[in-house]
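> everything below, folded, please.
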Amino acid sequence: MQHTLKDHFLIALPALQEGIFAHSITYLCEHTDDGAMGIVINRPLDLKVDEILDHLELMDQEHPHNEPVYAGGPVHPDRGFVLHHSGPAQWESSVDIARDVALTTSMDILDAIAHDRGPKRSLIALGYAGWAPGQLELELQENTWLVLPADRHILFEVPFGQRVDAALAKLGIDYSQLVNQVGHA
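Sure, this is the predicted structure:
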């Protein structure tokens, strides 16, 4: 693959009007000839990180974590993924996405988060978004997604309800300017 969209945002265009991807922003963790994988970063579940930690018996009452858990996508919604700022700490099952961002699926990172020894910035999601080989490229041709380089501030610090607008603002676009039609010249 000559051009990868790994470490990019996908913003759902108005053509995606239903389901988890409607008005969504997805962080692409992988994009190869074998397909693509990402985490939706603006769909909070009615679930807090503390509830997950309590369920896993990792809760530390001295260090509350009221952050939302996100619906990362429709694939394997029963599996947890921690998207985080990478640093000197090493986790059992991590994949580096970019120089400063990693994705971890092992319990050791959740234990560290519970006890405030985890990464400085993180986002916990259940499930992920996945595309078969060529599927994402076809969806891009069909004007389903707008692509832009990922921004760490938007990824970890902007409130979830403002992430789409913040990403579009980097392009000088307002969501209301987007249309549900493809044009050809």
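
> now the residue positioned nearest the centre of the chain. Nearest residue, chain neighbours left out?
For the chain, the residue nearest the mean C-alpha position is Ile39 (3.0 Å; CA atoms, centre = their mean). The spatially closest residue to Ile39, leaving aside those adjacent along the chain, is Gly72, at 4.3 Å (CB to CB, 6 or more residues apart in numbering). Using the backbone N, CA and C atoms, a C-beta is placed for each residue, glycine as well.

> just Ala71 next, same as before
Once flanking residues are discounted, Ala71 sits nearest to Arg43: 4.2 Å by CB to CB, 6+ apart.

> now do the buried residues in stretch 87-98.
For stretch 87-98, burial by neighbour count (16 or more other CB atoms under 10 Å) applies to Trp91, Ser94, Ile97.

> just the closest of these to Thr26, please.
Ile97 (12.9 Å; CB to CB).

> kindly state the pLDDT recorded for the closest one?
Looking at Ile97, its pLDDT is 95.

> return the list of strands paired to whichever strand or helix holds it, each annotated with direction.
Here Ile97 sits within strand 94-98, counting by DSSP states H and E. Strand pairing for strand 94-98, determined by DSSP bridges: strand 101-104 (antiparallel).
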